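Novice: structure for this input, please:
(one chain, ligands or ions: 2)
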Amino acid sequence: MKTIAVLTSGGDAPGMNAALRAVVRTAISNGLEVIGVKRGYQGLISGDVIELNLRSVSDIIHKGGTILYTARSSEFKTDIGIAKAVQTCKDLEIDGVVVIGGDGSFRGASKLSNAGVPCIGIPGTIDNDIACSEYTIGFDTATNTAMKMADQIRDTAQSHDKCSIVEVMGRKCGDIALLTGIAAGATVILVPEIEFDIKKDVVERIKMSQGKGRKHFIVVIAEGVGQSQEIANIIRYETGLDTMITILGHVQRGGSPTLTDRVYAGEMGNLAVKLLLEGKSNRVVAMKKGRLVDYDINDALKMKRKFNFAAYKATMEVSI
Ligand code: ADP
Ligand code: F6P
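Specialist: Residues are numbered from 1 along each chain as shown. Ligands and ions are numbered 1, 2, ... in the order given. The predicted structure is shown next:
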């Protein structure tokens, strides 16, 4: 192995730069040359690349976003797209690729590995929705940002005796909503993993809390649940509370990565290159019981995510 490539793919996540830095520096320290691919798989298809050296990744450990840019490439989902990417790897004598992204990106990495280009995936997404790993790069920063935003919303909700609905990201995964809801002391947390009854689990719960003297409320809703507007209308009608919605949106994707995201991104980036050096392919780096492990990508993609029902139950007993 002489030359490896690295790319970021899918939605950007804080900490991707820290992972990139670790990949580049580990590779160079082990005698490899490193090519940075711009805009994910699209850059691999079109050959949009830059050479990376030790100093190319200076001063990025604390920066959000990704200096390599990222993209969602529909062409890479086709056989022709894969063939073009394989050709770029042949032309540039790329012996392995590190892919920093989510499970969609890993599906692409698996196809590229099968086509003869060894790939290693690093979980990078704010959603924490990669079943094989307890942790994904960006999740800690995103949840801390969402918590801070919810705290600010609480100030005004408290001052005006309002009910504030905070809608957070996460695609079909409720982890951002769960942790934000716990940390913000939300009376109601709605996630796609738990079916709910609007009367019993939302209206009656708020009324019960009103009966115990609470006058302002935070309701956190995962975007995968949807219906925020409808839920707001029902709360307003049934409880008489002035109810407003804040959709946090892309503020959750930006910002300087937290300590946790930087530390784990560094370790994951280092391990990904070590796996390539050991001759491994079609693997994904993951966190299991607080330690780094690696899995076959196809096995990893078959795993089912476990929602933390215990944490949900505990916070429902506390935030009343
Ligand atoms: P994430 O990696 O965050 O889950 P996406 O699902 O958007 O984000 O996937 C990122 C990119 O990975 C896609 O734009 C596409 O280029 C590639 N990809 C996703 N699914 C596949 C697939 N089934 N086959 C090949 N490439 C894929
Ligand atoms: O996967 C990260 C994520 O931010 C999701 O939480 C969200 O559903 C999606 O990306 C939004 O994607 P986009 O910014 O492309 O609309």
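Novice: helix or strand for residue 4, which one?
Specialist: Secondary structure from DSSP states H and E places residue 4 in strand 3-8.
Novice: equivalent analysis for residue 176, please.
Specialist: Residue-wise, residue 176 maps onto helix 175-183 under DSSP H and E.
Novice: what does residue 98 give?
Specialist: Judged by DSSP H and E, residue 98 forms part of strand 96-101.
Novice: please apply the same query to residue 263.
Specialist: Residue 263 belongs to helix 259-277, assigned by DSSP H and E.
Novice: beyond the strand holding residue 4, next helix or strand please.
Specialist: helix 16-29.
Novice: quick one: contacts of that next one?
Specialist: With contact meaning Cβ atoms under 8 Å, 6 or more residues apart in numbering, helix 16-29 is reached by 4, 6, 8, 33-34, 36, 52-54, 56-57, 60-61, 63-68, 70, 98, 100, 122, 124, 137-138, 257, 261-262, 265-270, 272-274. (Each C-beta comes from the backbone N, C-alpha and C, glycine too.)
Novice: and stretch 239-252, by the same measure?
Specialist: 126, 142, 145-146, 149, 153, 160-169, 176, 203, 206-207, 210, 217, 228-229, 232-233, 235-236.
Novice: for ChimeraX, what selects the buried ones among those residues?
Specialist: Selection of buried members from the contacts of stretch 239-252 for ChimeraX, criterion 16 or more other Cβ atoms under 10 Å:
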select :126,142,145,146,149,153,162,163,164,165,166,167,168,169,176,203,206,210,217,228,232,235
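Novice: so which residues on the protein come close to ligand 1?
Specialist: 9-11, 41, 72-73, 76-77, 101-105, 107-108, 111, 125 (Cβ under 6 Å from any ligand atom).
Novice: setting the sequence-adjacent residues aside, check what's closest to residue 176.
Specialist: Once flanking residues are discounted, residue 176 sits nearest to residue 170: 4.2 Å by Cβ to Cβ, 6 or more residues apart in numbering.
Novice: that neighbour: how many residues sit nearby?
Specialist: By other Cβ atoms under 10 Å, 27 other residues sit near residue 170.
Novice: same deal with the one 10 residues further on?
Specialist: Residues lying near residue 180 (other Cβ under 10 Å) number 28.
Novice: pLDDT score assigned to it?
Specialist: pLDDT, residue 180: 98.
Novice: now the one 10 residues further on
Specialist: The pLDDT attached to residue 190 in the predicted structure is 98.
Novice: quick one: contacts for it?
Specialist: 177, 196, 201-202, 219-222, 225, 231.
Novice: give me the residues contacting the top helix by length along the chain.
Specialist: The longest helix of the chain (DSSP state H) is helix 139-160. Applying Cβ under 8 Å, 6+ apart, the contact partners of helix 139-160 are 13-15, 64, 125-128, 162-164, 166, 168-169, 175-176, 179-180, 183-186, 216-218, 220, 242, 246, 248, 251-258, 260-261.
Novice: buried subset of the residues you listed?
Specialist: Looks like these have 13-15, 64, 125-128, 162-164, 166, 168-169, 175-176, 179-180, 183-184, 186, 216-218, 220, 246, 248, 252-253, 255, 257-258, 260-261 buried, using 16+ other Cβ under 10 Å.
Novice: now do the contacts for residue 131.
Specialist: Counting by Cβ under 8 Å, 6+ apart, residue 131 has contacts 103, 300-301, 303-306.
Novice: tally of neighbours for the one residue in the chain that gets nearest to ligand 1?
Specialist: Taking Cβ to the nearest ligand atom as the measure, the chain has residue 104 as its residue closest to ligand 1, at 2.0 Å. Residue 104 sits with 16 neighbouring residues when counted by other Cβ under 10 Å.
Novice: wait, residue 85 sits on residue 40?
Specialist: No: judged on Cβ atoms under 8 Å, residue 85 makes no contact with residue 40 at a distance of 10.5 Å.
Novice: picking up where we left off before, so what secondary structure elements neighbour the helix holding residue 263?
Specialist: helix 16-29, strand 96-101, strand 119-123, helix 139-160, strand 283-288, strand 291-296 (3 or more Cβ pairs under 8 Å, 6 or more residues apart in numbering; DSSP states H and E).
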